[in-house]
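Chemist: What shape does this take:
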Amino acid sequence: MRGTSIVSGLVVIWLIIGAIAAGQRGYYTSGEKNCAEAGTILVTILAGPLNYIGANPKVGCKLPEPSR
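Modeler: From the prediction side, this is the model:
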């Protein structure tokens, strides 16, 4: 049981470090969000400490145009 709590704690710390990295890059400050910006924020958070050793994840997405 103790092993799972250690792993859970490490995962939470990993995600917090990723959230801090996204904040330092200014991803939370821009006004309107689109698919690519939201995806970039998510993968930056998931990358966690890897952001500090050179990872700079970006997501691009193209949504289909609505039919007329």
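Chemist: Report pLDDT for Glu37.
Modeler: You'll see Glu37 listed with a pLDDT of 89.
Chemist: what's the one helix or strand it maps to packed up against?
Modeler: According to DSSP states H and E, Glu37 maps onto helix 35-47. Using 3 or more Cβ pairs under 8 Å, 6 or more residues apart in numbering; DSSP states H and E as the contact criterion, the neighbours of helix 35-47 among helices and strands are helix 2-24. (Each C-beta comes from the backbone N, C-alpha and C, glycine too.)
Chemist: Mean confidence (pLDDT) on the helix it packs on, please.
Modeler: Over the span of helix 2-24, the pLDDT mean works out to 92.
Chemist: tell me the angle it makes with helix 35-47.
Modeler: Helix 2-24 and helix 35-47 meet at an angle of 140 degrees, taking axes from the mean of the first three to the mean of the last three Cα atoms, to 10 degrees as the criterion.
Chemist: Would you mark the buried spots in helix 2-24?
Modeler: Within helix 2-24, the residues scored as buried using 16 or more other Cβ atoms under 10 Å are Trp14, Ile17, Gly18, Ala19, Ala21, Ala22.
Chemist: can I get those residues in CSV with distance to Cys35?
Modeler: Putting the buried residues of helix 2-24 into CSV (distance: Cβ to Cβ, whole Å) gives the following:
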residue, distance to Cys35
Trp14, 24
Ile17, 25
Gly18, 19
Ala19, 20
Ala21, 21
Ala22, 16
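Chemist: Check those against Arg2 and report the nearest one.
Modeler: Compare each of these with Arg2 using Cβ to Cβ and the shortest gap goes to Trp14, at 18.7 Å.
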